[in-house]
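> Just to be clear, the model below is a prediction. Sequence and coordinates:
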Amino acid sequence: MRELLSLLAIGFTSALFPLVNIEAYISVRAAVSGVGPVWLLSLAAALGQMVGKYLWYRLGASSLGWGWVRRKIDKPSQRARLELWRRRTDSRPFLAGCLVFVSAVVGLPPFAVLSVVAGQLGMHLALFLGVGLAGRWLRFAAILGGVGWLEHLGVL
């Protein structure tokens, strides 16, 4: 139980502070103490990450009310660009979800940046959280599975 809580906490911390690398943490943790239940451990790390990414999402959503951001957005060209991307996100939730999923799994575009942009565009929160969680869960399971495979080969 303590192991799951620590993964949750490290996941949350790494979501807020990119210098804390959850991928390195789970890789080293798995190499040192064994992989363990991959799906459960990766879910704990993904849940922690998504709580942190939710805060970035809320920051993005609230940032449009900040004075210096509002001054930038009040320019007609910037307002038109924001509205264009909002319409694209609203009218194509499947594609928006795919972008979130790819970012959550691969990291391109960076998931922290995408979290802020998703908030600014008003992406449906349940879509963002659900697809982001699935992507992060798969990412961390692949890392843990890769370490387990290397252990099985005798490399580690």
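That came through, no problem.
> Show me what the helix ranked longest in the chain is packed against.
If you go by DSSP state H, the chain has its longest helix at helix 125-153. If contacts are counted by 3 or more CB pairs under 8 Å, 6 or more residues apart in numbering; DSSP states H and E, helix 125-153 sits against helix 22-33, helix 38-63, helix 93-106, helix 111-121. All C-beta atoms are positioned from the backbone trio N, CA, C, and that covers glycine.
> switch to 6 Å and redo it
helix 22-33, helix 38-63, helix 93-106 (3 or more CB pairs under 6 Å, 6 or more residues apart in numbering; DSSP states H and E).
> from the chain's centre, how far out does the helix or strand following the second one sit?
Elements were assigned by DSSP states H and E; along the chain past helix 38-63, the next helix or strand is helix 67-73. Its chain's C-alpha centre lies 26 Å from the corresponding centre of helix 67-73 when counted by CA atoms, centre = their mean, to the nearest Å.
> who's in contact with helix 67-73?
Here helix 67-73 makes contact (CB atoms under 6 Å, 6 or more residues apart in numbering) with S63, Q78, R79.
> any chance of those in TSV, plus distance to Q49?
Compiled in TSV, the contacts of helix 67-73 are given as follows (distance: CB to CB, whole Å):
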residue	distance to Q49
S63	21
Q78	30
R79	32
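> from those residues, which is closest to W137?
S63 (27.6 Å; CB to CB).
> The one helix or strand L84 maps to vs helix 111-121, what angle?
Using DSSP H and E, L84 falls within helix 76-91. Counting by axes from the mean of the first three to the mean of the last three CA atoms, to 10 degrees, helix 76-91 points 100 degrees away from the direction of helix 111-121.
> In CSV, list the C-alpha atoms belonging to the worst-scoring helix or strand of the chain on mean pLDDT.
Lowest mean confidence among the helices and strands of the chain (mean pLDDT, DSSP states H and E): helix 67-73, at a mean of 77. Only the C-alpha atoms of helix 67-73 are listed here, as CSV (Å, rounded to 0.1, in the frame of the first residue of the first chain):
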residue,chain,number,x,y,z
GLY,A,67,-4.9,40.8,-17.5
TRP,A,68,-1.8,40.2,-19.6
VAL,A,69,-3.3,37.2,-21.3
ARG,A,70,-6.6,39.0,-21.9
ARG,A,71,-4.7,41.9,-23.6
LYS,A,72,-3.1,39.4,-26.0
ILE,A,73,-6.4,37.6,-26.6
